[in-house]
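J.: build the 3D model from these lines:
(one chain, ligands or ions: 2)
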Amino acid sequence: MTFDRSIKIAPSILSADFADFGREIQAIEAQGADWVHVDVMDGHFVPNLTFGPPAVAAFRKHVKTVMDVHLMISPVDAYIDAYAAAGADVLTAHVEAGPHIHRTLQAIRAAGMKSGVAINPGTPAEAIEHVLDIADVVCVMTVNPGFGGQKYIDMTAKVRKLRAMIGDRPVHIEIDGGMDPVTAPLMAAAGADVFVAGSGVFKGGSVATPEVYGKNIAAIRAAAQAAL
Ligand code: DX5
Ligand code: ZN
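T.: Ligands and ions are numbered 1, 2, ... in the order given. Below you'll find the predicted structure:
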């Protein structure tokens with residue numbers, strides 16, 4: 001993974017057909033996905049349950065780009081090695097998931113992955129100020145985590161602040177929740193470069209009609225690029 005701030009689209013397979021993950025991943029990559037976003041939920045940190053390490057290892061066999069694993073779990077540290085072994089390229093933990101985010105990000109890098117720190121809508125930018133030197137990705141949540149298809153919560157001021165705090169460090173700003181051709185440009189203008197989209201990519205399409213995924217990805221990308 002080389003670093004740049006070009007616009008990247010990361011479809012979330014939380015909105016894919018759960019009976020057909022292999023073909024869904026192949027379809028979104030063939031249609032222009034830059035990263036594949038995998039939402040891991042534990043039924044404790046968030047009120048929903050999704051993918052353990054064996055499921056993520058199975059996805060890995062199909063991902064040719066970047067596997068971006070978003071942990072919505074607490075505690076985190078005991079599971080870092082298992083998600084590394086499952087093949088995560090980026091492993092993101094929430095700043096709200098425990099008292100030791102600094103240790104968690106160090107452990108993610110020590111396990112050979114890029115480190116991500118996610119921040120909920122109700123948490124101020126300053127909460128991650130002191131981990132920006134050990135983070136590769138800052139994931140700004142624009143919904144309360146747990147479900148796909150929720151309404152976008154505007155975080156323009158927070159993203160602007162984080163962009164200024166990051167300065168020239170090689171840290172991506174990723175936006176997660178409610179991204180579509182209307183909302184993504186707001187975040188691109190504020191300084192984001194990675195756009196997670198679940199319903200915004202998968203809506204209206206299927207593995208039988210993957211060109212719909214391609215149109216959705218291209219529309220979000222074009223709208224975000226136009227805002228720069
Ligand atoms: C929410 C997840 C998101 C979700 C986004 O808890 O972290 O990645 O899949 O879904 P949309 O794009 O439908 O808001
Ligand atoms: Zn996510």
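
J.: helix or strand: which one has residue 102?
T.: helix 101-110 (DSSP states H and E).

J.: so how far is ligand 1 from residue 213?
T.: 13 Å (C-beta to the nearest ligand atom, to the nearest Å). The way it works is simple: take the backbone N, C-alpha and C, and place the C-beta from them, glycine included.

J.: for that residue, what are its contacts?
T.: Residues in contact with residue 213, defined by C-beta atoms under 8 Å, 6 or more residues apart in numbering, are 11, 27, 28, 31, 201, 202, 205.

J.: show me the residues you listed that map onto strands.
T.: residue 11 (DSSP state E).

J.: so which of the contacts of residue 213 comes closest to residue 105?
T.: residue 11 (24.9 Å; C-beta to C-beta).

J.: list the contacts of stretch 166-178.
T.: Counting by C-beta under 8 Å, 6+ apart, 3, 5, 8, 10, 12, 37, 68, 70, 116, 118, 132-133, 135-143, 145, 150-153, 155, 159, 162-163, 184, 187, 191-196, 200 sit against stretch 166-178.

J.: if we check ligand 2, which of the residues you listed are in contact?
T.: residue 70 (C-beta under 5 Å from the ion).

J.: any of the contacts of stretch 166-178 buried? List them.
T.: Among those, those classed as buried by 16 or more other C-beta atoms under 10 Å are 8, 10, 12, 37, 68, 70, 116, 118, 132, 135-143, 145, 152, 155, 159, 162-163, 184, 187, 191-196, 200.

J.: quick revisit: centre of the chain to the helix holding residue 102, how far?
T.: Relative to the chain's own centre, helix 101-110 is displaced by 18 Å; criterion: C-alpha atoms, centre = their mean, to the nearest Å.

J.: that one: which residues count as buried?
T.: 101, 104, 105, 107, 108.

J.: and the residue lying closest to residue 47 once chain neighbours are set aside, backbone torsions?
T.: Once flanking residues are discounted, residue 47 sits nearest to residue 146: 5.3 Å by C-beta to C-beta, 6 or more residues apart in numbering. Backbone geometry at residue 146, expressed as degrees, to the nearest 10, gives phi 140, psi -30.
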